[in-house]
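[1] After the sequence you'll find the predicted model.
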Amino acid sequence: MDIEAEIRELQLDSSEDNNGVVNPEDAKPEEVEMTDKVEEAKDKEVAAREDADALDEMETEKKRHLNVVFIGHVDAGKSTTGGQILFLSGQVDDRTIQKYEKEAKDKSRESWYMAYIMDTNEEERVKGKTVEVGRAHFETETTRFTILDAPGHKSYVPNMISGAAQADIGVLVISARKGEFETGYERGGQTREHVQLAKTLGVAKLVVVVNKMDDHTVNWSKERYDEIESKMTPFLRSSGYNVKKDVQFLPISGLVGTNMKTRVDKSICPWWNGPCLFEALDSIEVPLRDPKGPFRMPILDKFKDMGTVVMGKVESGSVREGDSLLVMPNKAQVKVLAVYCDENKVRHAGPGENLRVRLSGIEEEDILSGFVLSSVVKPIPAVTEFTAQLQILELLENAIFTAGYKAVLHIHSVVEECEIVELLQQIDPKTKKPMKKKVLFVKNGAVVVCRVQVNNLICIEKFSDFPQLGRFTLRTEGKTVAVGKVTDLPSSSSA
């Protein structure tokens, strides 16, 4: 199909949404739409929404949608477990598996063949380390899942942060093999850092899977499983998880697929009476999001494909073809030409979905990841300074946390250098009330309210309004030093 035909088709699509009125601007896609008629856009938006709402009722899928991120120490078996899930839920056929088995054998890495399903590029396969955040989809009886396979290696934590920022629930993979759990858990191991990051980034529920139970050093031993559970529980609690309500432990073997789709056989593991992994994931309650709230979609990535296409996860509100939106913080007015969800073109999409949205009215090079696609009526605030409540986790040797401290700020898909301008007050961890005395510096473990400044405009929200867009981590030299939430924005910031 040639380009003109496609453009014509897009015009037809958008004209249907606008009650059959073809916009004169639409006829010439080259002319960038920069109208100040926001009022007019609003009226059209309302009319188009009423029109399309009737259609949406029929279109809405019965299955709920969840994003699951796999986190844990390097080599705990995250990619293998992810690959096994895809294989068990029928997303990968036997022939592909045989091909991967052969490829892994050629690299004399027999046990990695399942991981190849998730680790698709050559570098990852040769080293056996995940670098990018892998994505894949699978379904159970009641739920559609998107798997995000985050890297465990400490050099790739920024990639892991962007993976966890899109997730609703986390699967923390822990290796039960002798020595491997200990390395991942001790200071400097990734298990600890990942859990703290996951909590800050809004992964509210965790399934802790104790992997490699079939290993000859473990042999499905209850003692080993209980030891890991008893060591992890206090740590998860200190990271802010309510272990009774939000965390579930279960033993699996990712490589052979035991206790994943079906419960483990009593002959293998007589002491386990709990659910298998699929049941555990199915039973998790989905966090509620507001489909009627102001639209917010942090942009993770962008590319050119017959116009400008942006990728991201909708945190609030809904989007449909023909909508007028703003790209913040540079206030560019754009029009939605098409919405894609998991490769399929859809007419509309609600919160929690991972989307690709084709826009007109902006060039690809004018968009940076960290920008936010937001509604025209209530745009997201863009600020260079904000007030935040921080919890200091672990400063570098000899570092003092005081005014003038510099770090890298990670908030939704934004990565920006920042400076602490002023410490306002320290919070007493026991009473949760501010302490009286003036604070000049704080040490590890302290909770402090401070003013943070960044060089460029960033789009953020108060944690109380949009938790997903108001929590962040501070890192220096590849280590997470603090986690926090945005408590206040300067009043002039609202666009």
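    Nice, I can see it.
[2] how close does Glu223 get to Glu229?
    Using C-beta to C-beta, to the nearest Å, one gets 11 Å for the distance from Glu223 to Glu229. In short, each C-beta sits where N, CA and C put it, glycine included.
[3] Could you check which of the two has the larger neighbour count?
    It is Glu229, of Glu223 and Glu229, that has more neighbours when counted by other C-beta atoms under 10 Å, with 18 against 8.
[4] which residues of the protein fall in helices?
    Secondary structure of the chain, counting by DSSP state H: helices at 3-17, 38-59, 78-88, 94-106, 115-118, 122-127, 157-164, 180-185, 190-200, 222-238, 243-246, 277-282.
[5] Confidence-wise, which of these is weakest overall?
    Taking each of the helices of the chain in turn, the one with the lowest mean pLDDT is helix 38-59, at a mean of 44.
[6] What is the neighbour count of the residue nearest to Val256 when sequence neighbours are not counted?
    Here the nearest residue to Val256 in space, its sequence neighbours aside, is Asp214; by C-beta to C-beta, 6 or more residues apart in numbering that works out to 5.7 Å. Taking other C-beta under 10 Å as the criterion, the count of residues near Asp214 is 20.
[7] Kindly report the same for Lys178.
    Lys178 sits with 13 neighbouring residues when counted by other C-beta under 10 Å.
[8] Could you report the pLDDT at the nearest residue to it once chain neighbours are set aside?
    Counting by C-beta to C-beta, 6+ apart, the nearest residue to Lys178 once its immediate chain neighbours are dropped is Thr217, at 4.0 Å. Per-residue confidence (pLDDT) for Thr217: 87.
[9] quick one, phi psi at Thr217?
    Per-residue torsions, Thr217: phi -80, psi -10 (degrees, to the nearest 10).
[10] any idea how far it is from Leu337?
    For Thr217, the distance to Leu337 equals 56 Å [C-beta to C-beta].
[11] out of these two, which sits in the more crowded spot?
    Neighbours per residue (other C-beta under 10 Å) separate Thr217 from Leu337, with Leu337 holding more: 25 against 12.
[12] where does that one sit relative to Asp305, distance-wise?
    Per C-beta to C-beta, Leu337 is found 11 Å from Asp305.
[13] cool, Gln425 as well?
    Where Asp305 is concerned, Gln425 sits at a distance of 49 Å (C-beta to C-beta).
[14] what about these two, which has more around it?
    Higher neighbour count among Gln425 and Asp305: Gln425, with 17 against 10, using other C-beta under 10 Å.
[15] show me the contacts for that one.
    When contacts are counted by C-beta atoms under 8 Å, 6 or more residues apart in numbering, Gln425 is found next to Pro434, Met435, Val439, Val448, Val449.
[16] got the contact list for the second one?
    For Met435, the contacting residues are Gln425, Gln426, Ile427, Asp428, by C-beta under 8 Å, 6+ apart.
[17] looking at these, which has the most residues close by?
    In terms of neighbour count, Gln426 stands highest of the contacts of Met435 at 20 neighbours, by other C-beta under 10 Å.
[18] how much space between it and Glu285?
    Distance, Gln426 to Glu285, using C-beta to C-beta: 35 Å.
[19] for Val210, same thing?
    Taken as C-beta to C-beta, the spacing of Val210 relative to Glu285 amounts to 23 Å.
[20] More neighbours: which of those two?
    Val210 (24 against 11).
[21] what pairs with the more buried one across the strands?
    On the basis of DSSP bridges, Val210 is bridged to Ile174, Pro251.
[22] pLDDT score for it?
    Val210 carries a pLDDT value of 89.
[23] thought it was touching Gly254?
    No. Val210 is not in contact with Gly254 according to C-beta atoms under 8 Å; the separation is 10.6 Å.
[24] ok, and the helix or strand in this protein with the lowest average confidence?
    Within the chain, no helix or strand scores below helix 38-59, which has a mean of 44 by mean pLDDT, DSSP states H and E.
[25] And the closest residue to Gly370 other than its chain neighbours, how close does it get to Lys102?
    Counting by C-beta to C-beta, 6+ apart, the nearest residue to Gly370 once its immediate chain neighbours are dropped is Val414, at 3.6 Å. Here the distance between Val414 and Lys102 works out to 43 Å (C-beta to C-beta).
[26] what's the answer for Thr402, then?
    The value you get for Thr402 to Lys102, if C-beta to C-beta is used, is 57 Å.
[27] quick one: which of these two has more around it?
    When Thr402 is set against Lys102 and neighbours are counted by other C-beta under 10 Å, the residue ahead is Thr402, at 14 against 10.
[28] burial count for the residue lying closest to the more buried one once chain neighbours are set aside?
    Nearest residue to Thr402, sequence neighbours excluded (C-beta to C-beta, 6+ apart): Phe441, at 3.9 Å. Neighbour count of Phe441, defined by other C-beta under 10 Å: 13.
[29] What of the one 10 residues further on?
    Other residues lying near Arg451 total 17 when counted by other C-beta under 10 Å.
[30] With Val264 instead?
    Val264 is flanked by 22 other residues according to other C-beta under 10 Å.
[31] Also Glu385?
    Number of residues near Glu385 (other C-beta under 10 Å) recorded here: 15.
[32] I'd like to know how far it sits from Leu489.
    9 Å.
[33] Then Glu182?
    Counting by C-beta to C-beta - Glu182 and Leu489 are separated by 43 Å.
[34] now do Ile85
    From Ile85 over to Leu489 the distance is 40 Å, taken as C-beta to C-beta.
[35] if you count what's nearby, which of those two comes out ahead?
    Using other C-beta under 10 Å, the more surrounded residue of Ile85 and Leu489 is Ile85, with 29 against 19.
[36] Just the pLDDT for Ser155.
    In the predicted model, Ser155 carries a pLDDT score of 51.
[37] contacts for stretch 394-405?
    Stretch 394-405 is contacted by residues 392, 419-423, 440-444, 446, 448, 450, 476-477, 479-482 when judged by C-beta under 8 Å, 6+ apart.
[38] Only alpha carbons, please: show it as CSV.
    Coordinates of each C-alpha in stretch 394-405 appear next as CSV, following Å, rounded to 0.1, in the frame of the first residue of the first chain:
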residue,chain,number,x,y,z
GLU,A,394,23.7,3.6,51.4
LEU,A,395,26.1,6.5,50.7
LEU,A,396,29.5,5.9,49.1
GLU,A,397,32.5,5.7,51.4
ASN,A,398,33.3,9.0,53.0
ALA,A,399,30.4,10.8,51.4
ILE,A,400,28.2,13.2,53.4
PHE,A,401,24.7,13.9,52.4
THR,A,402,24.3,17.7,52.6
ALA,A,403,23.3,20.7,50.5
GLY,A,404,25.4,20.6,47.4
TYR,A,405,25.3,16.8,47.1
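[39] What residues sit buried inside it?
    Of the residues in stretch 394-405, those with enough neighbours to count as buried (16 or more other C-beta atoms under 10 Å) are Glu394, Leu395, Phe401, Tyr405.
[40] how many other residues sit next to Val454?
    Around Val454 sit 18 other residues, with neighbours defined as other C-beta under 10 Å.
[41] wait, doesn't it sit right on Ala382?
    No. Assessed by C-beta under 8 Å, Val454 is found out of contact with Ala382, at 10.8 Å.
[42] follow-up on the earlier one: any shared contact partners between Leu337 and Asp305?
    Residues touching both Leu337 and Asp305 by C-beta under 8 Å, 6+ apart: Arg358.
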